[in-house]
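Asker: Model the structure of this input:
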Amino acid sequence: MNDTPACPPSPSATWASGPAPVAAILISLNEGHNMEAVLENLSGWAREVFLVDSYSRDDTVDIALRHGVHVVQHRFRGYGEQWNFALENLPIRAPWTLKIDPDERISEQLKVSLLEAVEQGGADGFAFDWRLWFMGTPLPVRQPVIRMWRTGCCRFSDTLVNEHPVVSGRIRHVRGCLEHYDSPDLDHWVDKQNRYTTADAVGVFHDIPMAATPRLAGTSLERRMWLKRHFVRIPFRYPLLFLYNLLVLGAWRAGDAGFAWASMRCFVMLLREYKCQEMETTGKPPASRIAGAGEPDPRVPQYN
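Answerer: Below you'll find the model as predicted:
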């Protein structure tokens, strides 16, 4: 059963609708440092834009309302649950739906490619390359992601973190990049990775299914899940992971930023491993912390 909003929407500005028959959906918690740029990136291109906010304490909601975004607030319980809430409850009218995070930007080539692909037909979802930026530097690290689908044809994996869309139908890969500006600085990045690794370790502790079935001979996502599950058993895993990030993925080509990223990814895996060890030893997960200590915003609908 869908939740019922506690109050009606308040008037706001009008979204600068564009030619793409797309509803862009974002979720947020204290993303004021990203909102202006991501909404400018979507302005004049996407037909509709929706935001599900988790009670931000900064100006996230102010910026979104100023741009005419349809905003609701909903308590965050996990990434998969939050995205499924969005798909099930937002009044999406556009025939296509796009998932985008506040720290991502759609390249001009990708905007054109998606419009052309929609006009050509024959697909139910679209995948494209996701490119990572770290310490203000683009890394030669790309990953295919599915981020756009026919409205109503998708549901997200029900995981606390590393959720992914499960789309019914044919997926087509299109040209162009989704640029991922991971964090404005390392302080923010470390804080975010701390939250992600805690959620990931809690999932392991409660034996929550992973984002996909771990299979060594499966898809790219299934191989990553297999490696994640068995990583702790691999001898010399951290030197090997560092060399994989640096040499195989080619992070060395980005200079100091690439070297730092290759090192920090090892730190993230070590942090996750230690958190799993702690929970196994103590027999309990860490104390629950409510995501976002902000108060409900009376200007937007509230969902319980």
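
Asker: Pretty sure Glu40 sits in a strand.
Answerer: No: with DSSP: H, G, I helix; E, B strand; the rest coil as the criterion, Glu40 is located in helix rather than a strand.

Asker: what about it, how many residues close to it?
Answerer: By other Cβ atoms under 10 Å, the residues close to Glu40 number 12. Yep, even glycine has a C-beta here, placed from its N, CA and C like the rest.

Asker: how close does it sit to Met264?
Answerer: Noted for Glu40: a distance of 29 Å to Met264, by Cβ to Cβ, to the nearest Å.

Asker: again with Gly283
Answerer: For Gly283, the distance to Met264 - Cβ to Cβ - is 30 Å.

Asker: For the spatially most central residue of the chain, which non-adjacent residue is spatially closest?
Answerer: Residue closest to the mean C-alpha point of the chain, counted by Cα atoms, centre = their mean, is Asp101 at 5.2 Å. Distances taken as Cβ to Cβ, 6 or more residues apart in numbering place Leu26 nearest to Asp101, at 6.7 Å, with adjacent residues excluded.

Asker: pretty sure the one you found contacts Phe50?
Answerer: Yes: counting by Cβ atoms under 8 Å, Leu26 touches Phe50, with 7.2 Å between them.

Asker: partners of Trp149 in the sheet?
Answerer: Beta-bridge partners of Trp149, counted by DSSP bridges, are Thr97, Gly125.

Asker: what's near enough to touch it?
Answerer: Counting by Cβ atoms under 8 Å, 6 or more residues apart in numbering, Trp149 makes contact with Trp96, Thr97, Asp124, Gly125, Phe126, Pro165, Val167, Gly169.

Asker: before we move on, the earlier item: any idea how far the residue nearest to Asp101 is from Pro235?
Answerer: Computed as Cβ to Cβ, the Leu26 to Pro235 distance reads 42 Å.

Asker: Look at these two and report which has more neighbours.
Answerer: Between Leu26 and Pro235, counting by other Cβ under 10 Å, Leu26 is the more crowded of the two (26 against 6).

Asker: and the more buried one, how far is that from Leu39?
Answerer: From Leu26 across to Leu39, the span is 9 Å (Cβ to Cβ).

Asker: what residues do the two have in common as contacts?
Answerer: With Cβ under 8 Å, 6+ apart as the test, Leu26 and Leu39 both reach Val49.

Asker: What ranges does the stretch 151-300 of the chain have for its helices?
Answerer: 186-205, 220-230, 237-243, 256-282 (DSSP state H, counting those that start in this stretch).

Asker: quick one, helices of the stretch 1-150 of the chain?
Answerer: Using DSSP H, counting those that start in this stretch, helices in the stretch 1-150 of the chain cover 32-42, 60-66, 79-89, 108-120.

Asker: In the helix or strand of the chain with the lowest mean pLDDT, which residues are buried?
Answerer: Across the helices and strands of the chain, mean pLDDT, DSSP states H and E gives its lowest value to helix 220-230, namely a mean of 80. Across helix 220-230, burial judged by 16 or more other Cβ atoms under 10 Å covers Leu221, Glu222, Arg224, Met225, Trp226, Lys228.

Asker: which other residues reach stretch 106-114?
Answerer: Residues from elsewhere that reach stretch 106-114, judged by Cβ under 8 Å, 6+ apart: 20, 22, 41-42, 45, 100, 126, 128, 148, 174-179.

Asker: Tell me which two in these are the farthest apart.
Answerer: By the measure Cβ to Cβ, Leu42 and Arg175 form the most distant pair in the contacts of stretch 106-114, at 19.2 Å.

Asker: which of these two has more neighbours?
Answerer: For Leu42 versus Arg175, the count of surrounding residues by other Cβ under 10 Å is larger for Leu42: 25 against 14.

Asker: Low-confidence ranges, the chain, go.
Answerer: Within the chain, the segments meeting pLDDT under 70 span 1-12, 160-161, 211, 289-293.

Asker: doesn't Asn84 make contact with His74?
Answerer: No: counting by Cβ under 8 Å, His74 stays clear of Asn84, with 10.9 Å between them.
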